[in-house]
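*Asks:* starting from these lines, generate the structure:
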Amino acid sequence: MPPPDRTEGAGGRRGRPSGKIALVVNPSAGKGRAQEFLPEIAGRIRDAGHELDIWLSRNYDEAHRLLNKAAGSDASVVAVMGGDGMLHLGVNELVRAQVDGPAAPTLGLIPAGTGNDLCRGLDVPTDPLGALDVILSGHERAIDLARVGDAYIGTIVASGFDAMVNRRANDMTWPKGSSRYPLALMSVLRTFEPLHYQLTIDGVPRTLDAMLIAVGNTRCYGGGIRICPDADPTDGLLDVTIIHPVGRPTLLRLMPSLYTGGFVGASCVELLRVREITIDGPGLVGFGDGEMLGVAPLTVTQVPAVLRVCLP
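*Replies:* Residues are numbered from 1 along each chain as shown. From the prediction side, this is the model:
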């Protein structure tokens with residue numbers, strides 16, 4: 001099989017991928033959704049003429065090990081199938097491999113969880129078969145990532161009310177999936193007070209109180225909440241959304257419009273575009289791609305065009 005066409009154009013590279021595809025799967029993702037789709041996905045990959053390696057992970061540590069191995073393999077594409085946590089691992093393993101060498105595999109995304117926010121933000125279909133079609137089309141593009149310490153973030157860094165909701169949702173054993181977030185939100189809202197922030201925005205200090213400060217590489221978190229509705233992962237900038245202090249009734253009225261991006265016209269909302277922001281303040285904890293990053297201070301830096309991904 002001939003090598004793929006690497007001709008540049010329209011912001012990416014096009015040509016059907018050739019050679020081997022390594023498929024790393026969390027079979028339990030989406031209440032077993034990944035396991036359900038796996039036979040058809042494997043069949044379609046083989047029918048398209050590709051050699052296929054399938055690696056199944058049973059836990060976080062094994063997923064990390066398998067993705068590291070796949071990123072260093074001779075595959076042309078490493079397709080990661082699972083929820084946002086699994087895709088976060090894939091982003092981090094593949095970007096490190098690509099930084100180390102241009103021959104490293106391209107990342108393919110097959111969402112099989114309940115949130116699927118990275119795929120939403122990159123306009124990859126949120127159904128597994130539609131996402132596979134993107135991989136098989138052979139179109140790839142370099143995207144930006146946010147970086148906090150050693151971690152790369154594809155979606156949003158949360159550090160306020162939203163981070164507390166994320167933490168509460170992660171601690172919940174019922175219900176499963178994205179339906180946890182509305183319940184966690186109501187639980188946190190009962191006692192929440194505005195937080196004090198000390199920021200450094202592209203080298204300029206600023207102090208303020210806010211309900212939340214979200215830093216976006218892409219648009220969504222929490223299963224489709226468009227907290228940074230205009231974020232573009234190819235513009236070399238981070239979108240920052242600040243919701244200034246408001247009462248609980250006002251915050252509740254804003255909630256439905258968070259799913260559409262319509263909240264940005266509210267007087268309590270401030271939008272910024274930056275290259276780097278440091279977030280500090282008492283008791284602040286950061287989450288990125290839904291994973292805990294640690295306690296403040298957190299410096300979020302945009303890393304432009306650092307990760308090759310299969311995109312529409």
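*Asks:* okay, CA-based contacts and neighbour counts for the rest of this
*Replies:* Fine.
*Asks:* burial check on M255, number of neighbours?
*Replies:* Around M255 there are 15 other residues, counting by other C-alpha atoms under 10 Å.
*Asks:* need the three-state assignment for it.
*Replies:* helix (DSSP: H, G, I helix; E, B strand; the rest coil).
*Asks:* likewise for R46?
*Replies:* Once three-state DSSP is applied, R46 turns out helix.
*Asks:* tell me how far it lies from T218.
*Replies:* 32 Å (C-alpha to C-alpha, to the nearest Å).
*Asks:* more neighbours, those two?
*Replies:* Regarding R46 and T218, a neighbour count based on other C-alpha under 10 Å identifies T218 as having more, with 30 against 14.
*Asks:* my guess is C228 contacts A214, does it?
*Replies:* Yes: applying C-alpha atoms under 8 Å as the test, C228 and A214 come out as touching, 7.5 Å apart.
*Asks:* now list whatever residues contact both of the two.
*Replies:* Both C228 and A214 are in contact with 240-241, where contact means C-alpha atoms under 8 Å, 6 or more residues apart in numbering.
*Asks:* looking at the two, which is more packed in?
*Replies:* Between C228 and A214, counted using other C-alpha under 10 Å, the more crowded position is C228 (28 against 25).
*Asks:* what's the domain layout of the protein?
*Replies:* Recorded structural domains for the chain (assignment: automatic domain parsing) are 8-138, 153-304.
*Asks:* which one of these lies nearest to L145?
*Replies:* Closest to L145 of the domains of the chain is domain 153-304 (C-alpha to C-alpha; 5.3 Å).
*Asks:* now that closest one: mean pLDDT?
*Replies:* Average pLDDT, domain 153-304: 91.
*Asks:* contacts for the helix or strand containing M292, please.
*Replies:* For M292, the element it lies in under DSSP states H and E is strand 291-295. Here strand 291-295 makes contact (C-alpha under 8 Å, 6+ apart) with 85, 148, 151, 283-287.
*Asks:* so which pair among these is furthest apart in space?
*Replies:* Farthest apart among the contacts of strand 291-295 by C-alpha to C-alpha are G85 and G283. That separation is 24.3 Å.
*Asks:* more neighbours: the two, which one.
*Replies:* Comparing G85 with G283 by other C-alpha under 10 Å, the one with more neighbours is G85, at 18 against 13.
*Asks:* torsion angles phi and psi at the more buried one?
*Replies:* When read as degrees, to the nearest 10, the backbone of G85 gives phi -60, psi -40.
*Asks:* so who does it touch?
*Replies:* 289-291.
*Asks:* can you list these in TSV and add neighbour count and distance to K20?
*Replies:* Below are the contacts of G85 laid out as TSV (neighbours: other C-alpha atoms under 10 Å; distance: C-alpha to C-alpha, whole Å):
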residue	neighbour count	distance to K20
D289	23	28
G290	24	31
E291	18	30
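*Asks:* closest one to V309 out of those residues, please.
*Replies:* For the contacts of G85, the residue nearest V309 by C-alpha to C-alpha is D289; the value is 16.7 Å.
*Asks:* need the contact list for that closest one.
*Replies:* Counted by C-alpha under 8 Å, 6+ apart, D289 has contacts 84-85, 88, 118, 153-157, 221.
*Asks:* look up how far A104 lies from it.
*Replies:* Relative to A104, and taking C-alpha to C-alpha, D289 is found at 23 Å.
*Asks:* please apply the same query to R33.
*Replies:* When R33 is compared with A104 (using C-alpha to C-alpha), they lie 29 Å apart.
*Asks:* now do L311
*Replies:* 17 Å.
*Asks:* can you check G281 too?
*Replies:* 39 Å.
*Asks:* how about E40?
*Replies:* From E40 to A104 the distance is 26 Å (C-alpha to C-alpha).
*Asks:* state the pLDDT value of R14.
*Replies:* With respect to pLDDT, R14 has a value of 50.
*Asks:* what do you get for A34?
*Replies:* The score at A34 is 88. That number is its pLDDT.
*Asks:* what is the neighbour count of it?
*Replies:* That count, for A34 with other C-alpha under 10 Å as the rule, works out to 23.
*Asks:* and if you look at T207?
*Replies:* 12.
*Asks:* need the three-state assignment for it.
*Replies:* From three-state DSSP, the assignment for T207 is strand.
*Asks:* which residues does it contact?
*Replies:* 196-199.
*Asks:* highest neighbour count among the residues you listed?
*Replies:* Top of the contacts of T207 by neighbour count (other C-alpha under 10 Å): Y197, with 24 neighbours.
*Asks:* for the helix or strand it falls within, packing partners?
*Replies:* Applying DSSP H and E as the criterion places Y197 in strand 195-201. Judged by 3 or more C-alpha pairs under 8 Å, 6 or more residues apart in numbering; DSSP states H and E, strand 195-201 is in contact with strand 204-210, strand 276-280.
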